[in-house]
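Undergrad: Have a look at this prediction, sequence included:
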Amino acid sequence: MKILEAQNALLSNFEVYQFLAERQERLGKQKQNRRRGPGNLETLVHELLQYFRSPPGPLSQQPVTYTSEAVTTLVERLRGYDLAKGELLMILNMRPQMPAHLHACVEEVESRLTEQQQLEILDIVAEVLGAFPVVEGAEEEMEDAQ
């Protein structure tokens, strides 16, 4: 087999989650007319969905606040901050709530963005994707960061 045209699109955790959840739902309805795939495919899909849905992951919030429109809105609103595609993807996947989390997403954030810009990015993430409930232990981390 020869690859004629390589694709280099990046997928967010939400896009993978959405695809797998729709696939699982579709296959659940078509149990009789199902082609057999690799032996561990169903196990892999089940475990990956379980990983996405388990706290403290951003997709664990019920109902899931991520939507295709929210992803597009977030990318548009963060366009003015000169972030690389990988950094936008990290912000989308990690859903940072504090400046310390943002430092894990953006390379050399302190030299590239002011404190005010960092707080603006965190506010945009919270506004577009909704406020994420604080998990136990994170409250202490937040107090230590301040």
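TA: Perfect, thanks for sending it.

Undergrad: which SS state does Ala126 fall under?
TA: Recorded secondary structure, Ala126: helix (DSSP: H, G, I helix; E, B strand; the rest coil).

Undergrad: Quick one, grab the pLDDT at it.
TA: On the pLDDT scale, Ala126 is placed at 92.

Undergrad: Skipping its backbone neighbours, what lies nearest it in space?
TA: Among residues not flanking Ala126 along the chain, Gln97 sits closest, at 7.2 Å (C-beta to C-beta, 6 or more residues apart in numbering). Placement of C-beta: from N, CA and C, glycine included.

Undergrad: host element of the one you found?
TA: When secondary structure is defined by DSSP states H and E, Gln97 falls outside every helix and strand.

Undergrad: Can you report how many residues lie near it?
TA: Using other C-beta atoms under 10 Å, Gln97 has 18 neighbouring residues.

Undergrad: How about the contacts made by it?
TA: Leu122, Val125, Ala126, Phe132, Val134 (C-beta atoms under 8 Å, 6 or more residues apart in numbering).

Undergrad: Which two of these have the greatest separation?
TA: Val125 and Val134 (14.8 Å; C-beta to C-beta).
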